[in-house]
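Asks: Let's see this in three dimensions:
(one chain, ligands or ions: 1)
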Amino acid sequence: MGSELTFRGHESQPVSDTYTPKQPKPWFSVTQPIRYMLREQRLVFVLVGIAIATIVFTLVPSSSTSRVEYGHFTIPETTTRLSQYDQKPMYEHRSAFHMYSSGKVPLGLKRKGLRIVVTGGAGFVGSHLVDRLMERGDSVIVVDNFFTGRKENVMHHFGNPRFELIRHDVVEPLLLEVDQIYHLACPASPVHYKFNPVKTIISFFYKYYKYKTNVVGTLNMLGLAKRVGARFLLTSTSEVYGDPLQHPQVETYWGNVNPIGVRSCYDEGKRTAETLTMDYHRGAGVEVRIARIFNTYGPRMCIDDGRVVSNFVAQALRKEPMTVYGDGKQTRSFQYVSDLVEGLMRLMEGEHVGPFNLGNPGEFTMLELAGVVRETIDPDAKIEYKPNTEDDPHKRKPDITKAKELLGWQPKVELRKGLPLMVSDFRKRIFGDHKEGGATTA
Ligand SMILES: NC(=O)c1ccc[n+]([C@@H]2O[C@H](COP(=O)([O-])OP(=O)(O)OC[C@H]3O[C@@H](n4cnc5c(N)ncnc54)[C@H](O)[C@@H]3O)[C@@H](O)[C@H]2O)c1
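Replies: Presented below is the predicted three-dimensional model:
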């Protein structure tokens, strides 16, 4: 049956075994496609199609649009321009971010989440940064040794497959496949960084601890960035300006730091970390970003860590006198944590190496700050004066012109708006009626 079907007709078409050259096609066969199009108004359909395509491509903005959309925010064109402020990145960016940085993600294509390491991600700033990255759809690995950080700061992400937490000290090397590294691991408060200054300078602790974390920790993370081709962001500090002789502080100011004082494990540790970062950039082609962070406050700060805002708030809540060191006329600027996180993300996604000052230029004396804490918590709160600590800077105020111009960033939350959010988090943690994870947004 099958053979009949395949062979039917072979008798009626005898096969000739003499070769006959193929006849050339008649000239009119060339015109066949044209005649086909003219038949049954097919030409009209072709013309209508061309017209629709022209309209669509004219109305939809091209990828050379003057704004770059990324995550929640839009970075103005200024971020892709180099100006007199900027350290031009020396090497082409090699991470997955590049796919999204030059224009809109094409219609129908979903933005691919990045793999991001946040060292110190269980700490105050780090945990808020992790919240934003998770919200954006990225996969986040937190690396923390819990020296000052707490699991409670990130435990609301446990169970999310995009989140991982690794207990690890950055003083030891680590290998992870990632696109970006936010390097925050370092005790940031004097109480903690003076606790083990050698470890600070090597990794990020105040006296010992802070230098070790700063230098060896940063070295390890830069090594990781180099090996896997990740972009690296260093959270440096306004402490690199020391007790500044220039006010407000601009990024081009080299600072006035005591290299042998009790704070130098932190100050010099961060300065060395900046040097290492730039050397890896220049020498090894690592994509780097440097943020110089000014005093930041908000929910999840360590209680009793010796930083002035957390000190005043905890003391006023406990009905203890607020400790003012010296005459209280030294000034600081206070930035709410959500503003800082926004600045860090813009810096990481932008095209500029920095360093960038990230801080709120609103300047307060310690006594003025104590006044705002009184207004917010207890009008009867008392002040207790104590001798000033060694090498305490007299003035601190960021000049943020560069961040405004190149990152399109400036802080939005005033002290009187941000402080109540921190106070309610501290109240819950101090008096025990606490639900973990303070609010970030003001
Ligand atoms: N908060 C501020 O006002 C401020 C100001 C300037 C700079 N900074 C910088 O921002 C970063 C974060 O500061 P923060 O206020 O969130 O401090 P934080 O102390 O709350 O957080 C630091 C985190 O790093 C972790 N850590 C410390 N040493 C580590 C190590 N060797 N290995 C692994 N993890 C380690 C801690 O456990 C903690 O979770 C720090 O690098 C700090 O120097 C902060």
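Asks: For the residue nearest to the spatial centre of the chain, which non-adjacent residue is closest in space?
Replies: What sits nearest the mean C-alpha location of the chain, by CA atoms, centre = their mean, is Met345, with 3.0 Å. Counting by CB to CB, 6 or more residues apart in numbering, Met345 lies nearest to Arg132, which is 6.4 Å off, once chain neighbours are set aside. The way it works is simple: take the backbone N, C-alpha and C, and place the C-beta from them, glycine included.
Asks: Just say helix, strand or coil for the one you found.
Replies: At Arg132 the chain is in helix, as set by DSSP: H, G, I helix; E, B strand; the rest coil.
Asks: ok, so what distance separates it from His183?
Replies: Distance, Arg132 to His183, by CB to CB, to the nearest Å: 17 Å.
Asks: Also Gln410?
Replies: 24 Å.
Asks: Buried residues, the host helix or strand of Tyr280. List them.
Replies: Element membership for Tyr280, per DSSP states H and E: helix 264-284. Neighbour-count burial for helix 264-284 flags 264-274, 276-278, 280-281 (criterion: 16 or more other CB atoms under 10 Å).
Asks: quick check, the one helix or strand the residue nearest to the centre of the chain maps to touching the ligand?
Replies: Assigned by DSSP H and E, Met345 belongs to helix 337-349. No - applying CB under 6 Å from any ligand atom, one finds helix 337-349 separated from the ligand by no less than 7.7 Å.
Asks: which residues sit in contact with Phe158?
Replies: Leu165 (CB atoms under 8 Å, 6 or more residues apart in numbering).
Asks: typed the wrong thing, it's Gln335
Replies: Ile293, Phe294, Asn295, Thr296, Tyr297, Leu358, Gly359, Asn360, Pro411.
Asks: Now intersect the residues you listed with the strands, please.
Replies: Ile293, Thr296, Tyr297, Leu358 (DSSP state E).
Asks: The second one is in contact with Val341, isn't it?
Replies: Think Thr296. No - proximity of Thr296 to Val341 does not meet the contact threshold set by CB atoms under 8 Å, at 9.4 Å.
Asks: These two: who's more crowded?
Replies: Thr296 (26 against 23; other CB atoms under 10 Å).
Asks: in the sheet, who's paired with the more buried one?
Replies: Gln335 (DSSP bridges).
Asks: what separates it from the ligand, distance-wise?
Replies: Using CB to the nearest ligand atom, to the nearest Å, one gets 4 Å for the distance from Thr296 to the ligand.
Asks: need the contact list for that residue.
Replies: Neighbours of Thr296 in contact, by CB under 8 Å, 6+ apart: Phe124, Val125, Phe334, Gln335, Tyr336, Val337, Leu340, Gly359.
Asks: same question, Phe232
Replies: Gln180, Ile181, His183, Met221, Leu222, Ala225, Thr277, Tyr280, Val286, Glu287, Val288, Arg289 are the contacts of Phe232 under CB under 8 Å, 6+ apart.
Asks: of these, closest to the ligand?
Replies: Distance to the ligand across the contacts of Phe232 (CB to the nearest ligand atom) is lowest for His183, with 7.5 Å.
Asks: Give me the neighbour count for the closest one.
Replies: Neighbours of His183 using other CB under 10 Å come to 31.
Asks: Please list the residues of the stretch 51-200 of the chain that sit near the ligand.
Replies: So far as CB under 6 Å from any ligand atom goes, the stretch 51-200 of the chain lies against the ligand at 119-120, 122-126, 144-149, 169-171, 184-188.
Asks: mean confidence for the helix holding Tyr280?
Replies: The average of the pLDDT scores along helix 264-284 is 90.
Asks: quick one: Arg282 from the ligand, how far?
Replies: On the measure of CB to the nearest ligand atom, Arg282 and the ligand end up 22 Å apart.
Asks: oh, I was asking about Ser424
Replies: With the distance defined as CB to the nearest ligand atom, Ser424 ends up 19 Å from the ligand.
Asks: Quick check: buried residues in stretch 363-374?
Replies: Buried residues in stretch 363-374 (16+ other CB under 10 Å): Glu363, Phe364, Thr365, Met366, Leu369, Ala370, Val372, Val373, Arg374.
Asks: so the third one touches Lys329, yeah?
Replies: Yes - between Thr365 and Lys329 there is a contact under CB under 8 Å: 5.2 Å.
Asks: on that earlier part again, helices or strands next to the helix holding Tyr280 in the packing?
Replies: helix 190-193, helix 197-202, helix 209-212, helix 218-228, strand 231-237, strand 288-293 (3 or more CB pairs under 8 Å, 6 or more residues apart in numbering; DSSP states H and E).
Asks: If I average pLDDT within each of those, which one is lowest?
Replies: helix 209-212 - the lowest mean pLDDT of the helices and strands packed on helix 264-284, at a mean of 52.
Asks: Any idea what Ile166 is bridged to?
Replies: Bridge pairing for Ile166 - DSSP bridges - gives Val143.
Asks: doesn't Val142 make contact with it?
Replies: Yes - contact criterion CB under 8 Å: Ile166 and Val142 qualify, at 6.9 Å.
Asks: Compare the two (neighbour count), which wins?
Replies: Shown here are Ile166 and Val142; by other CB under 10 Å, Val142 has more neighbours (29 against 14).
Asks: Need the nearest residue in space to the more buried one, chain neighbours excluded.
Replies: According to CB to CB, 6+ apart, the nearest residue to Val142 is Gly121 (3.3 Å).
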